[in-house]
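S.K.: what would the 3D arrangement of this be:
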Amino acid sequence: MKVTTPRLTQNVLTVEGRDTGEPVLFVHGNVSSAAFWRDSMAALPGGYRPLAVDLRGFGESDPAPVDATRGLRDWSDDLIELVEALGLDRVHLVGWSLGGGIVLQVLRDQPAAVRSVTLVNPISPYGFGGTEGPDGRLTHADGAGAGAGAANPDFVARLKAGDMSDESPTSPRSVLRSSYVKHPEIADEDFYVRSMLTTRVGEANYPGDAVTSAQWPGVAPGKHGILNAIAPTHFRLDDLHEIDPKPPILWIRGADDVIVSDTSLFDLAHLGALGVVPDSPGTPAQPMVAQTRAVLERYGPYREAVIDDCGHSPHLEHPEEFRRLLTAHLGEA
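M.R.: Numbering: from 1, shown residues only. Predicted coordinates for the structure are as follows:
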């Protein structure tokens, strides 16, 4: 269904016959859409009302531009308006990857509207790239190492072209197989690749505008688009522990994630240490998992659940374990 608010028109997936019960709002990650939640929504037990939203710039929602200087608030404000427009009361939020950061921003800004939070391999509360240590301190003041300039240009070009092939390691299908999941055999692969290809490509959306830096590796966050919005110069949640009330948080993560990791293969600093990005001065990798743990330990009511033999997408790779963990958390909340 389509829901129009003063900000934009958002596409929301629902499950037929499930229009009552405690609302559970699923929020997808980068280069994907609400379609990635299809099976998780259908498997949610009775008593819950599952919904999944296409974020701006993805799926069938408006391809509205992203103001990266607001961090993730373009998306979190969209969600807050959506919740209000649908009349949802104290919603359960489930956020994967980029969506994990977005639901934490909703929690930060509107804690009384949230019944519980489930984070699924979320980005760090200190953004993606350009930081060091569990306290998320900037490696350089301009955020060098983060932002749209860190995107692989061939992947961006293939995404824009709607490439469904596996002829290159940078095609969306190949990235799905190598990075979204640990083991490349997943059911309905075409379905998920088509979801990835709904990503709106350009300076206003993915990846955003690239900015040069005098610091290695020569790129820094710009002011527009997705990868700049998650840069640490724009998105930081240092004060999450100060909110009241504090709904319970469940943090589910795959043990073998190569995207969100203390040694992420998408972090230019770590790639520099591996010799993939030349002339590295030895900048430390961003400890993304350690940063999330430090923020949640200050927050208080949270639990971490690690799924072995699992990559970036527990809901696709280990759906039964994911649903068990999620259902138990929703019940406890």
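S.K.: roughly how far apart are Asp262 and Leu326?
M.R.: 25 Å (C-beta to C-beta, to the nearest Å). (C-beta placed from N, C-alpha, C; glycine too.)
S.K.: and these two? which has more neighbours close in?
M.R.: Leu326 (27 against 17; other C-beta atoms under 10 Å).
S.K.: quick one: contacts for that one?
M.R.: Neighbouring residues of Leu326 by C-beta atoms under 8 Å, 6 or more residues apart in numbering: 40, 44, 94, 118, 250, 252.
S.K.: most neighbours among those residues, which one is it?
M.R.: Top of those by neighbour count (other C-beta under 10 Å): Val94, with 30 neighbours.
S.K.: so it: helix, strand or coil?
M.R.: strand (DSSP: H, G, I helix; E, B strand; the rest coil).
S.K.: so where does the nearest residue to Ala68 once chain neighbours are set aside fall, helix or strand?
M.R.: Among residues not flanking Ala68 along the chain, Asn228 sits closest, at 3.5 Å (C-beta to C-beta, 6 or more residues apart in numbering). Assigned by DSSP states H and E, Asn228 belongs to helix 226-229.
S.K.: which elements pack onto that helix?
M.R.: Applying 3 or more C-beta pairs under 8 Å, 6 or more residues apart in numbering; DSSP states H and E, we find helix 226-229 packed against strand 206-207.
S.K.: within the sheet, what are the partner strands of the strand it packs on, with directions?
M.R.: The strands that strand 206-207 pairs with in its sheet are strand 201-202 (parallel) (by DSSP bridges).
S.K.: residues in contact with the partner strand?
M.R.: With C-beta under 8 Å, 6+ apart as the criterion, strand 201-202 contacts 156, 159-160, 207, 225.
S.K.: next: stretch 161-168.
M.R.: By C-beta under 8 Å, 6+ apart, stretch 161-168 touches 154, 158, 171-174, 177, 190, 193-194, 197.
S.K.: cutoff 6 Å now
M.R.: By C-beta atoms under 6 Å, 6 or more residues apart in numbering, the residues outside stretch 161-168 that reach it are 171, 173-174, 193, 197.
S.K.: that older thread, I'd say the residue nearest to Ala68 and Ala220 touch.
M.R.: No. Asn228 is beyond contact range of Ala220, at 9.2 Å (criterion: C-beta atoms under 6 Å).
S.K.: more neighbours: which of those two?
M.R.: Asn228 (32 against 26).
S.K.: so how far is Asp209 from that one?
M.R.: Taking C-beta to C-beta, one finds Asn228 at 7 Å from Asp209.
S.K.: ok, Leu176 next?
M.R.: From Leu176 to Asp209 the distance is 26 Å (C-beta to C-beta).
S.K.: can you check Asp89 too?
M.R.: Asp89 sits 39 Å away from Asp209, going by C-beta to C-beta.
S.K.: just Thr233 next, same as before
M.R.: In terms of C-beta to C-beta, Thr233 sits 14 Å off from Asp209.
S.K.: so which of those two has more stuff around it?
M.R.: It is Thr233, of Thr233 and Asp209, that has more neighbours when counted by other C-beta under 10 Å, with 22 against 18.
S.K.: in what helix or strand does the more buried one lie?
M.R.: Counting by DSSP H and E, Thr233 is found in no helix or strand.
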